[in-house]
Every structure is written in structure tokens, then in C-alpha cells.
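Engineer: return atomic coordinates for the entry below.
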Amino acid sequence: MTRPSVFITGAAAGIGRAIASRFAREGYLVGAYDVDLAGLATLASDLGPVLGTGRGEVVTGELDVSDPAAWRTRLDEFSGHAGGRLDVLVNNAGVLRSGPFADIPLEAQHALVDVNVKGVLNGCHTAYPLLSATPGAHVVNLASASAIYGQPELATYSATKFAVRGITEALDLEWAREDITVRAVWPLFVKTAMTSDMDIAASRSLGVRLTPQDVADEVYAVVRPHRLPRAVHRAVGRQATALMAASAMTPGWLLRAINRRIAGA
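Structural biologist: Residues are numbered from 1 along each chain as shown. Below is the predicted model:
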């Protein structure tokens, strides 16, 4: 098995679907996983013309990323298709709830942690044997510009992306000796079903300007060979790039003031 392989969570719609399509076009064996089986079925159908060119192949399956046993089952199945290798793991699956913190049910906030944090943790831990057995393997975690500073009306979502940031930084150092590169991609608001009903001060101030394809292109760019070292965190789009650059040079009190203004707090 010499064809590169990629395992993508949350692949039935939005960003994950765009990532799956991009990697299929580049000739990867694509593992597309989600709890939305109907969406996966249409993804496989939509990729038919791409697969007909002989560029790639798609394997789909149901996966609740908060369930470690389900991860082990799906990775074992995918490994059989991929010849025991895993070139790229994309931890994309995520959920979002916006609005005043006290108005969001606690159960919904726990679900954010289960998917956005435990999903990434489960994926990295269970995929490690395959990643370590594959020279030059990559992990790409979907973070967010909300991990720059805690965001009002996105408090728990923002906190989960801070966790993704920490996991990414730690594992990139820890796994470097085994030739595994770990990166985080940081979009701002993206035009998907997750943001279609969002109405908070930050989205009104900054708009929802990115498309799933913008993020997919950045994810693919992250795993391509580069001659020079690349940053662990990769912003997507001009707004996120400007915010990330500013945060690196801005005193804490000023960063807080900027975010307070953006969020109308």
C-alpha cells in the first residue's frame, strides 16, 4: 500500500466534507466518518466523478468521536483498507452552542466538551499506533480563532478550543521524535450549518466570511512537504491571521479590551 491515507471525522457536511473532497482529489485514500450516515452516503455519491478518475477512494463509516471503543473499531477497519498506515488524521468533528453562558443548558455544554475535547483526545490516542508506524505522519486538529482569547457568548466552545490548542502544542513536541507532526488550523466564523442561526455580537462585528473550502485548502496545505519549518498554529483567512498576529504582540489588558469591543461586552 503506497497511496497516502487520511482519516477525517465530522466528514458528512461542512468543513469535514470539503476536506474529504480535497484529499480525494489529491489521490488519497479517504476515510470519512460521522454520526450522519445519510450525509456520508451523499458524500460518497458526490465523490463518484473524482473517484472515477482514479485519483482517490473513499471509505465511510459511523463514528461517535466521544466513544473510544468506536474509534478503535473504525481505525481497525480503515487500517485494513490502508495497509496499516495512516498518513493524516484530521480531528474535525465539532459542535457549537452560542449565546449567554447561563442560558445554555449544562447538558449541552457537556456535549461540547465530549465532542470537541474528548473527540480530539480519543482520536490522537487511538490513532497513535498507526501514526507512529507511518513515516512523516500528520495530525491536524480543528481549533478556532476563539482560542486566542475567551469569547463571550461562546464561553464553553472557546474553552474547548483552548484545550485543542494545548493538546496540539504538547503532542507536536512529544511526538516529534517519532516523525509525527501535529498542527492546529484556526478559522474564524465559517459558513456552515453550525453558524447559520448564530446571532452574537462577535459574528455581527466580524461577519461570517470563510467557506468550508477555505478551511479544506488550508488543511491540505498544512500536510504538504515544506522546506522551512512551519508554525504549529495556522490561521485561516485575513481576519484570523490579523487577530493571531496581533495577539502575539498585544499586552493582555489591550487584548482583553479589543475582545470586549468585538463582543460588545
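
Engineer: mind listing the strands for the stretch 151-265 of the chain?
Structural biologist: 180-187, 233-236 (DSSP state E, counting those that start in this stretch).

Engineer: point out the most buried one among those strands.
Structural biologist: Stretch with highest mean neighbour count among the strands of the stretch 151-265 of the chain: strand 180-187 (a mean of 24; mean count of other Cβ atoms under 10 Å). Yep, even glycine has a C-beta here, placed from its N, CA and C like the rest.

Engineer: which residues touch that one?
Structural biologist: Residues from elsewhere that reach strand 180-187, judged by Cβ atoms under 8 Å, 6 or more residues apart in numbering: 15, 124, 131-132, 136-145, 147-148, 164-165, 168, 171-172, 175, 210, 214-215, 218-219, 222, 230, 232-237, 240, 244.

Engineer: so where's the protein shaky on pLDDT?
Structural biologist: 1, 49-56, 196, 201, 206, 263, 265 (pLDDT under 70).

Engineer: any idea which helix is longest in it?
Structural biologist: Identified as the longest helix of the chain according to DSSP state H is helix 155-174.

Engineer: now that one, how far from the centre of its chain.
Structural biologist: 11 Å (Cα atoms, centre = their mean, to the nearest Å).

Engineer: for that helix, which positions count as buried?
Structural biologist: 155-165, 167-168, 171-172 (16 or more other Cβ atoms under 10 Å).

Engineer: ok, and what's touching that helix?
Structural biologist: Contacts for helix 155-174 (Cβ under 8 Å, 6+ apart): 91, 94, 96-98, 101, 104, 109, 112-113, 116-117, 120-121, 124, 139, 141-144, 146-147, 150-151, 180-184, 232-233.

Engineer: and the buried ones among those, selectable in ChimeraX?
Structural biologist: The ChimeraX command for the buried members of these (criterion: 16+ other Cβ under 10 Å) is given here:
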select :91,94,96,97,98,104,109,112,113,116,117,120,121,124,139,141,142,143,144,146,147,150,151,180,181,182,183,184,233
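
Engineer: the contacts of helix 155-174 in strands, which ones?
Structural biologist: Here DSSP state E is the test, and the contacts of helix 155-174 give 91, 139, 141-142, 180-184, 233 as lying in strands.

Engineer: how many residues are close by Asp197?
Structural biologist: 7 (other Cβ atoms under 10 Å).

Engineer: same thing with Ser5?
Structural biologist: Neighbours of Ser5 (other Cβ under 10 Å): 27.

Engineer: quick revisit: got the strands of the stretch 151-265 of the chain as JSON lines, with distance to Leu37 columns?
Structural biologist: Shown next, in JSON lines, are the strands of the stretch 151-265 of the chain (distance: least, Cβ to Cβ, whole Å):
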{"stretch": "strand 180-187", "distance to Leu37": "26"}
{"stretch": "strand 233-236", "distance to Leu37": "28"}
